[in-house]
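Visitor: based on what follows, work out the 3D shape:
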Amino acid sequence: MGVLNNRQYNFPNLKSNIFKIMSNYAIYGKTRVCGIIGDPIEHTLSPIMQNAAFRELGLDYVYVPLNVTKANLAGAIEGIRSLDFAGINVTIPHKVAVIPYLDEVDGLAEHIGAVNTVVNQGGVLKGYNTDASGFYHALTANDIKVSKKKIVILGAGGAASAIAFILADKGAELTILNRSLASAEEIARRVFQTFRVQIKVGELVTEESKLALDAAELLVNTTSLGMAPHLTETPVAASLLKKELVIFDIIYNPLRTRFLIEAGEKGIRVINGLEMLVRQGADSFELWTGRKAPVEIMRKAAGDALRENEK
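Guide: Okay, here's the model as predicted:
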């Protein structure tokens, strides 16, 4: 969605790309409106991706970015209801704060404690977390099964929390490694309260973390290392990674972080964050429209925008 885990992405050509899409998109009196709220919001890729999907299926929908400050959140949510929006995405800094203003919250989103998608069902606003489901669908799309798999999550922010909950629910054996042990322990505590599943935690760059990495079958990076202004940094040295590992880096700008480049050079299978971005957007699309999302179209639209801005 352009903002994940309090990290901002810079897309200098994004506004012109949105204009190109909207210039070919007719809006009528019956057009349903979806959107994304956040602050800041100008760098989001969601309008490009979602409007491409609506156009592909010939749906009379339009998706718009809406800058909403913390002070205006309550009024904005009431406006979504009053203006009969089909639904919205929610990004930083509102994923937690939005919950009290909703009528219902999906069980998984409630456990995670964050909502990134709202559906307006005849004036009743229900919240979901498609960051979690999108990550899981990105794995299944790549033929990666997680039940009983040893998975290490790097980082302990909002994205790590969503990913930990969905993986615990699917039967994975999890370890969270983070610079701050307290943050990892908090996620582990909440997961245990929900699923009665134990998550191991540890600090990065310790002997314990090296053992966890050696045993891991899937490694998920949710830290900001590898993204501007940390382009030359990696969360884990390549020398600690075994060839049999699969690495999923949720960063999508740049599409290939130094972490993924170095892992790929060792013959390790790697997946970048574009897949999670697309799948969470596809899950939101399906909640709003009841139609199967054109995932390939959404991936191409988002990927083309990212590659254009890497030039």
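
Visitor: domain map for this protein?
Guide: Following automatic domain parsing, the chain resolves into domains at 3-128+276-310, 133-274.

Visitor: okay if I get those as JSON lines plus mean pLDDT and mean neighbour count?
Guide: Any C-beta I mention is one placed from the backbone N, CA and C, and that applies to glycine too. Shown next, in JSON lines, are the domains of the chain (pLDDT from 0 to 100; neighbours: other Cβ atoms under 10 Å):
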{"stretch": "domain 3-128+276-310", "mean pLDDT": "88", "mean neighbour count": "18"}
{"stretch": "domain 133-274", "mean pLDDT": "94", "mean neighbour count": "19"}
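
Visitor: list the contacts for the nearest residue to residue 176 once chain neighbours are set aside?
Guide: Once flanking residues are discounted, residue 176 sits nearest to residue 184: 4.2 Å by Cβ to Cβ, 6 or more residues apart in numbering. Residue 184 sits next to 156, 176, 177, 178, 201, 202 when contact means Cβ atoms under 8 Å, 6 or more residues apart in numbering.

Visitor: please look at the first one and residue 176 and confirm they touch.
Guide: Pointing back at residue 156 there. Yes. Taking Cβ atoms under 8 Å as the definition, residue 156 is a contact partner of residue 176 at 5.8 Å.

Visitor: enumerate the beta-bridge partners assigned to residue 177.
Guide: Following DSSP bridges, residue 177 is listed with bridge partners residue 154, residue 202.

Visitor: would you mind measuring from it to residue 149?
Guide: 16 Å (Cβ to Cβ, to the nearest Å).

Visitor: what about the helices in the stretch 201-311 of the chain?
Guide: 207-215, 258-265, 274-289, 295-310 (DSSP state H, counting those that start in this stretch).

Visitor: which stretch among the ones you listed comes nearest residue 194?
Guide: helix 274-289 (20.3 Å; Cβ to Cβ).

Visitor: does residue 125 sit in a helix, a strand or a coil?
Guide: For residue 125, the assignment made with DSSP: H, G, I helix; E, B strand; the rest coil gives strand.

Visitor: ok, it touching residue 76?
Guide: No. The pair residue 125 and residue 76 does not pass the contact test of Cβ under 8 Å, sitting 11.6 Å apart.

Visitor: contacting residues for the most centrally placed residue in the chain?
Guide: Residue closest to the mean C-alpha point of the chain, counted by Cα atoms, centre = their mean, is residue 131 at 4.1 Å. By Cβ under 8 Å, 6+ apart, the contact set of residue 131 is 4, 114, 116, 158, 159, 162, 163, 276, 280.

Visitor: those residues in helices, which ones?
Guide: 158, 159, 162, 163, 276, 280 (DSSP state H).

Visitor: isn't the third one up against residue 128?
Guide: No. In this structure, residue 162 sits apart from residue 128 without contact. The criterion is Cβ under 8 Å, and the distance is 11.2 Å.

Visitor: on that earlier part again, just put the helices of the stretch 201-311 of the chain in CSV and tack on distance to residue 36.
Guide: Putting these into CSV (distance: least, Cβ to Cβ, whole Å) gives the following:
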stretch, distance to residue 36
helix 207-215, 35
helix 258-265, 27
helix 274-289, 9
helix 295-310, 14
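
Visitor: give the pairing partners of the strand or helix carrying residue 66; include direction for each.
Guide: When elements are assigned from DSSP states H and E, residue 66 belongs to strand 61-67. Partner strands and pairing direction for strand 61-67 (DSSP bridges) are strand 32-38 (parallel).
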